Every structure is written in C-alpha cells, then in structure tokens.
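Asker: sequence-free structure coming up:
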C-alpha cells in the first residue's frame, strides 16, 4: 500500500497570504489528523477529521481550518499567514478514529512565511 | 492535559553501542507510540505499545502502564539510527483523543 502523501512538500509565502495544504491518507484509512512542528513548541495537534467531520481540534486560532472529502483526502488552510506559522506540517492517517489506532505520518509540508 | 517527558534530551554514542531512551507520562493512556524522525522530517512508526514488550530487530520497547513510563532500547547502534526519537501518548476521552508528543531525544551515532 502507498503511504500517506502530502503536497506540496515545500512552500514559501509572505505574511498576510493564505495557504492550502493537502493530505492523502493510506488507502482505506478514514481518519486524518494534522500536526504542526516548530523548534519552539515541538509537535502540536491541530485537528482530526473522520468521515468528513471534524472530530477534535487543538488550541490553534481560527485562522487554521481544515476539511475532509468523501474519499478521505484532507486539506488544511491557514489564512492571514504570520511569521510564526513557519513550520513543518504533518498529516497522519489511521483506519478509524479513537485512541487505539496506530497513526501513520506523511513526509510533511515545510512552510516558510517571509 | 497529559504531560510527556523524554530523557535524555541528547545522546551521542559510538557505532555499535547500546542505548535506552525513556518516556514518562503523567496519566493513564490508551495509546503509546514511538517514532523516529529522519533528517527529512518524516515520522517513522517504530512501535505501538500502550503496555507490554515488543521487539523488532535491534529495537525493542517496554511500557509499564501502571508506573507510567516506556523505554525504547536500541542495540548495536548504526549511523542510520541517528535522528530524533519521539514518544507520543493518547488517552481515551470520548471524542477528544489526540496524540501528545514528548520533546524528543536527539540521538547521534558516530562512526
């Protein structure tokens, strides 16, 4: 099976712009979670989608949003970019939602905000 | 929320040495995973181990859930083992589950 894929792999934006990142889960997986990794804050949970519904959300401002499509692919959007949004954004998929599922991560999207 | 502490923060070893990485967590968990983050940033699953012991080649892991810690053992280290090792835990919380990561152990294997 193909692993989790994320596009684009690298992105440079300027402050105030918006960005959309895409994640395709492992075939058959229905849960997709997003994480932000920065040197200062480490790995932090953004949100989880299951069956096209946001199931859980971390402590991030409303500028961060996401959605999931019927084929389980997910997108996350960040509006009005700030310098502090520069980070590695990781997507993970699992067959189902819940705490007893192994999560498999994609290669990430590196976002640089200038 | 759950607190996750990993030690040591940094570890430098000669190739061939053995190492033990520790993960302490502050509450009971339903999910505990160990990951290796490679230099390109990808998190590679090593173990799903909320309790018990597992082995996979030169790597093994033990979680003592009642005492709230997990250990990752790497034997006969190779340079390709270098990278950051993360422990992540999750607690069943009726729809509010999320993986909480520790701050990682940076392992450097010197040839």
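Answerer: Received the coordinates, thanks. Keep in mind that this is a model prediction, so the values were computed, not measured.

Asker: packing partners for the helix or strand bottoming out on mean pLDDT in chain A?
Answerer: The weakest-scoring helix or strand in chain A, judged by mean pLDDT, DSSP states H and E, is strand A:53-57 (a mean of 90). With contacts taken as 3 or more CB pairs under 8 Å, 6 or more residues apart in numbering or on different chains; DSSP states H and E, strand A:53-57 sits against strand A:42-50, strand A:64-68. To be clear about C-beta, it is placed using only N, CA and C from the backbone, and glycine gets the same treatment.

Asker: give me the beta-bridge partners of the residue positioned nearest the centre of chain A?
Answerer: With distances taken as CA atoms, centre = their mean, the residue of chain A nearest its centroid is residue A:34 (3.2 Å). Applying DSSP bridges to residue A:34 gives these bridge partners: residue A:47, residue A:91.

Asker: that one touches residue A:91, doesn't it?
Answerer: Yes. Using CB atoms under 8 Å, residue A:34 is in contact with residue A:91, at 5.6 Å.

Asker: intersection of neighbour lists for the two?
Answerer: Common contacts of residue A:34 and residue A:91 (CB atoms under 8 Å, 6 or more residues apart in numbering or on different chains): A:23, A:74, A:76.

Asker: could you list the low-pLDDT ranges of chain B?
Answerer: B:93-97 (pLDDT under 70).

Asker: who in it is up against chain A?
Answerer: Contact residues (CB under 8 Å from any CB of the partner chain) of chain B with chain A: B:29-31, B:33, B:35, B:40-45, B:48, B:50, B:86, B:88, B:90-93, B:95-101, B:103-104.
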